[in-house]
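S.K.: Predicted model, plus sequence, below.
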Amino acid sequence: MDLLHVELILIEDNPFEAELTIRSLKKHNLANKLVHLDDGEEALEFLFSKGKYADNIGKLNPKVILLDLKLPKVSGLEILKALKADEHTKNIPVVVLTSSKEESDVFESYNLGVNSYIVKPVNFESFSKAVAEIGLYWMLMNEPPVI
């Protein structure tokens, strides 16, 4: 996979929520260059070109990473910590999109350098609308730094 052309990375283990997110982004033509990863260990391998992704071509430069916190194997907070500690990935915008309203998760996410923290709406329409707005903002309106 050519990392230079990946624009959005979705790291979400819940298949239903991942499908809703992807469907909402596709509806607004924001998912053409999307990669979905469903566990924390695989996400780290992809983000840092390790394991089965060791042959990734180019340097990772997505417009945004949508990150769930509650992931199998490696937590979203650990992924965020690794991203923000690495010189090549620290400026990639990361939006936490999670069901956790825990103050400690919010605080730790911002302490680690997250760009935005959004609690997933419970109902379908609100969730779809929130994802579309997140996608529109981060994919079209935000001006990311050149990495």
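M.R.: Sure thing, it's come through.
S.K.: where does this structure dip in pLDDT?
M.R.: 1-4, 146-147 (pLDDT under 70).
S.K.: can you give me the strands for it?
M.R.: For the chain, strands defined by DSSP state E occupy the ranges 8-11, 34-37, 64-67, 94-98, 116-119.
S.K.: Deepest-packed of the ones you listed, please.
M.R.: strand 64-67 (a mean of 26; mean count of other C-beta atoms under 10 Å). Where C-beta positions appear, they are placed from N, C-alpha and C, glycine not excepted.
S.K.: quick one: strands adjacent to that strand?
M.R.: Here strand 64-67 is paired, per DSSP bridges, with strand 8-11 (parallel), strand 94-98 (parallel).
S.K.: Could you write out the alpha-carbon coordinates of the last one in CSV?
M.R.: As requested, C-alpha coordinates have been extracted for strand 94-98 and formatted as CSV (Å, rounded to 0.1, in the frame of the first residue of the first chain):
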residue,chain,number,x,y,z
VAL,A,94,-5.6,12.8,15.6
VAL,A,95,-9.3,12.9,16.6
VAL,A,96,-10.3,10.6,19.4
LEU,A,97,-13.8,9.2,18.5
THR,A,98,-14.8,7.1,21.4
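S.K.: Let me have the strands paired with strand 64-67 in JSON lines, adding distance to residue 49 as columns.
M.R.: JSON lines is the format used below for the strands paired with strand 64-67 (distance: least, C-beta to C-beta, whole Å):
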{"stretch": "strand 8-11", "distance to residue 49": "13"}
{"stretch": "strand 94-98", "distance to residue 49": "18"}
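S.K.: Tell me which of those strands lies nearest to residue 61.
M.R.: Counting by C-beta to C-beta, residue 61 lies closest to strand 8-11 out of the strands paired with strand 64-67; the figure is 10.8 Å.
S.K.: Now do the closest one: distance to the chain's middle.
M.R.: Chain-centre distance of strand 8-11: 4 Å, with C-alpha atoms, centre = their mean, to the nearest Å.
S.K.: what's in contact with that strand?
M.R.: 18, 21-22, 25, 30-31, 33-38, 40, 43, 46-47, 62-68, 71, 76, 79, 135, 138-139 (C-beta atoms under 8 Å, 6 or more residues apart in numbering).
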